[in-house]
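Engineer: task: produce atomic coordinates for the following.
(one chain, ligands or ions: 1)
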Amino acid sequence: MVKTYRHESLLGFFKGMSFPIASIAVVNSVLFGVYSNALLALTATSHQERRAQPPSYTHVFIAGCTGGFLQAYCLAPFDLIKVRLQNQTEPRAKPGSPPPRYRGPMHCAASIFQAEGPRGLFRGAWALTLRDTPTLGIYFVTYEWLCRQFTPDGQTPSSGTVLVAGGFAGITSWVAATPLDVIKSRMQMAGLKQRAYGGLLDCMVSSARQEGLGVFFRGLTINSARAFPVNAVTFLSYEHLLLSWG
Ligand SMILES: C[N+](C)(C)CCCC[C@H](N)C(=O)O
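Structural biologist: Residues are numbered from 1 along each chain as shown. Take a look at the predicted model:
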C-alpha cells in the first residue's frame, strides 16, 4: 500500500476500476440468473418453495458450476483489461515522460483488438473458466450450508445470517480459486511481456520452479479481506431482490 501510494498517489488504488464496475452487473446477473434457473430446472422448486424443500448439495453444486462456467465468458474480456491496466505501474503523466501504453480501458481494449485480434480479448479465458467453474460450485454450496446451520428448518435466513454466510462463501471460494487466479493473470499478461508460456501447465510449472509453491497463494490475504464484505452484500442483495420481486 505504501509503495503504491508513494509511486502513484491515491489514484493508483483505483487503477482499472471503471471496467469492473461496468461489468459487475452483467457478470453477476449472468451468474445468479443461470444459477437459480439451473436450480429450478434440477429441482422443480421456486426460490420460495426451496425453504420448505431444500435442494441437495449436489444440485446446488451443479447449478453453481453451470453459472460459473457461463459467467466466465462474460467476465473474460473485462478481466483481461483490468489485469493489463493494474499491471501498468508507471507513475501518472509526468511532463516529458513517454505516455503509458494504455490510456484507459477503451484504449486498452482497442489496442489488444488491433494487436492480437478478437481472440486476444479472450486471452486467459480458458484459465478463467477453469478457475470459476468448480469454485463457484463451492461458493454456492458453502453459502447454502452456512445458511442452513444457522436457520431453523423451513425458515428464511435472517439478514445477519445471509451476510455472514455470503462473506464466508466468498472467502472459501477464493481460497480454492487463488492458485488458478495467479496462473490466469500471468497468462493474461503474457501477450504483453515477451514472455510466452507453452500453456497453462507450462505456466504453472515454471512459476512454481522460479518462485516456489507459495506463488499459488499470492494475494490471498488481501483478496479474502475484500471478498468478505463484497460477497456479504452480493448475497444480501440477491436474497432481498428475490423476496421482493420473486
Ligand atoms: C470464483 N471466484 C473465487 C473467482 C469468485 C467468487 C466470488 C465472486 C465475487 N464477484 C467476488 O469478486 O468476490
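
Engineer: so which helix or strand of this protein has the lowest pLDDT on average?
Structural biologist: One helix or strand of the chain scores below all others by mean pLDDT, DSSP states H and E: helix 49-52, with a mean of 81.

Engineer: so which bits of it are buried?
Structural biologist: residue 50 (16 or more other CB atoms under 10 Å). Any C-beta I mention is one placed from the backbone N, CA and C, and that applies to glycine too.

Engineer: do stretch 51-63 as well
Structural biologist: Within stretch 51-63, the residues that qualify as buried are 54-55, 59-63, counting by 16+ other CB under 10 Å.

Engineer: so which of the residues you listed are in helices?
Structural biologist: 59-63 (DSSP state H).

Engineer: dump these into CSV; add distance to the ligand and pLDDT as well.
Structural biologist: Below are those laid out as CSV (distance: CB to the nearest ligand atom, whole Å; pLDDT from 0 to 100):
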residue, distance to the ligand, pLDDT
59, 19, 97
60, 15, 97
61, 13, 98
62, 16, 98
63, 14, 98
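
Engineer: need the residues you listed in TSV (columns: distance to residue 84).
Structural biologist: Putting those into TSV (distance: CB to CB, whole Å) gives the following:
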residue	distance to residue 84
59	38
60	35
61	33
62	33
63	32
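
Engineer: looking at the residues you listed, which is nearest residue 245?
Structural biologist: residue 63 (19.5 Å; CB to CB).

Engineer: looking at this protein, what residue ends up closest to the ligand?
Structural biologist: Closest contact between the chain and the ligand, by CB to the nearest ligand atom, is at residue 177 (3.5 Å).

Engineer: quickly find the element holding the nearest residue to that residue once chain neighbours are set aside.
Structural biologist: With sequence-adjacent residues excluded and distances taken as CB to CB, 6 or more residues apart in numbering, residue 177 is closest to residue 135, at 4.1 Å. Under the criterion of DSSP states H and E, residue 135 resides in helix 125-150.

Engineer: tell me which residues in that helix are buried?
Structural biologist: Buried-residue list, helix 125-150, by 16+ other CB under 10 Å: 125, 127-144, 146-147.

Engineer: how far away is the residue most central in space within the chain from residue 73?
Structural biologist: Central residue of the chain (CA atoms, centre = their mean): residue 132, 7.3 Å from the mean position. According to CB to CB, to the nearest Å, residue 132 stands 10 Å off from residue 73.

Engineer: and what of residue 122?
Structural biologist: 8 Å.

Engineer: before we move on, what about residue 158?
Structural biologist: From residue 158 to residue 73 the distance is 35 Å (CB to CB).

Engineer: so these two - more neighbours on which side?
Structural biologist: Set residue 158 next to residue 73 and count neighbours by other CB atoms under 10 Å: residue 73 wins out with 15 against 12.
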